[in-house]
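>>> whatever this is, show me its structure:
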Amino acid sequence: MTLINVLPVLQIILSVLLVIVILLQRSEESLGGAFGGSDSIDTVKNTRRGSEKTIFQAAIVIAILFTIVSIAVVVTK
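Numbers count the residues shown, from 1 in each chain. This next block holds a predicted model:
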């Protein structure tokens, strides 16, 4: 297998992992909060701890890897 054959497969795997990790994250914002507003009176910022922090950091790492692989796919074509 060459790099040209491996990169698209790796890109698909990373995209599926990225979707899964993002969906696993806890979302505390409702529809109004998604557009920049705030639906709750309590605007105290929660800190991520434990598995929530691990999932958040994994999402960042997977997104960076996905971006790098995507650029590599374009460059190798």
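
>>> send me stretch 68-77 as CSV with only the CA atoms.
Output of stretch 68-77 as CSV, limited to C-alpha atoms (Å, rounded to 0.1, in the frame of the first residue of the first chain):
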residue,chain,number,x,y,z
ILE,A,68,-3.4,17.6,8.1
VAL,A,69,-4.6,14.4,6.3
SER,A,70,-7.0,16.4,4.2
ILE,A,71,-4.3,18.8,3.1
ALA,A,72,-2.0,15.8,2.3
VAL,A,73,-4.7,14.2,0.2
VAL,A,74,-5.0,17.4,-1.9
VAL,A,75,-1.3,17.8,-2.2
THR,A,76,-0.7,14.2,-3.3
LYS,A,77,-3.3,14.4,-6.1
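
>>> what sits up against it?
For stretch 68-77, the external contacting residues (Cβ atoms under 8 Å, 6 or more residues apart in numbering) are 3-4, 7-8, 10-11, 14. The way it works is simple: take the backbone N, C-alpha and C, and place the C-beta from them, glycine included.

>>> next step: those residues restricted to strands.
Within these, no residue falls in strands by DSSP state E.

>>> just the buried ones among the residues you listed, please.
Buried members of the contacts of stretch 68-77, scored by 16 or more other Cβ atoms under 10 Å, are 7, 10-11, 14.

>>> of those residues, closest to Leu24?
Leu24 has its nearest neighbour among the buried ones among the contacts of stretch 68-77 in Leu14, at 15.5 Å by Cβ to Cβ.

>>> surely the closest one is in contact with Phe66?
Yes. Counting by Cβ atoms under 8 Å, Leu14 does reach Phe66; the two are 4.3 Å apart.

>>> in helices only, show me the contacts of stretch 68-77.
Judged by DSSP state H, these include 3-4, 7-8, 10-11, 14 as members of helices.

>>> which of those residues lies closest to Arg26?
Leu14 (22.2 Å).
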